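K.L.:
please find the sequence and the predicted model below.
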Amino acid sequence: MRILFMGTPEFAVASLRRLVEDGHEICGVFTQPDKPKNRGHKLAFSPVKEYALTKNLPVFQPVSLKGGEALELLRSLAPELTVVAAYGQLLPDDILNVPPLGSVNVHSSLLPRYRGAAPISWAILNGETETGVTIMYMARALDAGDIILQKSTPIGAEEDARSLTERLAELGAEALSETVRALAAGTASRTPQDESLSTYAPKLEKGLSPIDWSRSAHEIACQVRGLIPWPCATTDIISADEKPLKIYAVEELGQDTALQPGARAAAGKQGIDIACGDGKLLRIKEVQAQGGKRMSAYAYRLGHRKVK
């Protein structure tokens, strides 16, 4: 099948790779413009662009899809189907309607739950035990199109947003492969979403980072896992300089404590144990100081004698 692909981050690479491996003709790859990265501010390619160039696929990076230029480009490419995976821009109706088979999206949640920009993180933040991927027809409203196919998967008790993203990328690629075969055969289903069940997963922001120790140990653990790799949960209660530390790994101990929330119960080679609002202990295992490297909480204590 002749397919136009639109995607930008690492999550989207798995879907593009699968389309290539399945032998489809990729007539074009749309991805976001190169952006400055790190302290040198050198322009960096998106992961999708990097992969596309290794396969000699034609890459296009329009600043906007609005206006006639992008539409004419799309028409000239003459795709039978457009596949979108975390592209980063909303598609106007005229763009969506160019391919005869329509435009489909690879979304990392079980729609209609967690529509929006950060479904994987919010599923973990909210303590969900199951998530999945949805392949849907694209519509004007955000992530509200008819569902073609869904695949579900449990969320591991210690799985963070980074590792879950990697798994869902592969699951999404598998679901996409099945969907394209069904579209080609004319057997793809189409199920409207139940609007009464819809929830929203907005972009992450740094205001989500500070840990409130009056919350339960499990809620804080979900916060830590859900905010990796960005913006990361933070706390200053074990900091040597009272500046917030990023927290990368914790462990729910299940032990009861009479200490006040935020009080330190113990510290050793395994980490630093902190009392939480539900009377349980949470062990901080990995941290990162501002401008420093990620390390074990024990190594941080060794390097900062003020931290008991």
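P.N.:
Cool, the structure landed.

K.L.:
run a quick neighbour tally on the nearest residue to residue 266 once chain neighbours are set aside.
P.N.:
Excluding the flanking residues, the one nearest residue 266 by Cβ to Cβ, 6 or more residues apart in numbering is residue 273, at 4.5 Å. (Each C-beta comes from the backbone N, C-alpha and C, glycine too.) Neighbour count of residue 273, defined by other Cβ atoms under 10 Å: 21.

K.L.:
what does the model give the residue nearest to residue 192 when sequence neighbours are not counted for pLDDT?
P.N.:
Among residues not flanking residue 192 along the chain, residue 146 sits closest, at 5.4 Å (Cβ to Cβ, 6+ apart). pLDDT for residue 146: 98.

K.L.:
and residue 146, how far from residue 109?
P.N.:
Using Cβ to Cβ, to the nearest Å, we find residue 146 at a distance of 16 Å from residue 109.

K.L.:
higher neighbour count, the two?
P.N.:
Neighbour count, other Cβ under 10 Å: between residue 146 and residue 109, residue 109 has more, with 24 against 17.

K.L.:
now do the same contact list for the more buried one.
P.N.:
115, 119-120, 123, 131-134, 201 (Cβ atoms under 8 Å, 6 or more residues apart in numbering).

K.L.:
can we see that at 10 Å?
P.N.:
115-116, 118-120, 122-123, 128, 131-134, 143, 150, 168, 199, 201 (Cβ atoms under 10 Å, 6 or more residues apart in numbering).

K.L.:
helix/strand/coil for it?
P.N.:
What DSSP: H, G, I helix; E, B strand; the rest coil gives for residue 109 is coil.

K.L.:
gap between it and residue 157?
P.N.:
Taking Cβ to Cβ, one finds residue 109 at 19 Å from residue 157.

K.L.:
direction included, what does the longest strand anywhere in the chain pair up with?
P.N.:
Looking across the chain with DSSP state E, the single longest strand is strand 245-256. Strand 245-256 has the following strand partners under DSSP bridges: strand 233-235 (antiparallel), strand 280-288 (antiparallel).
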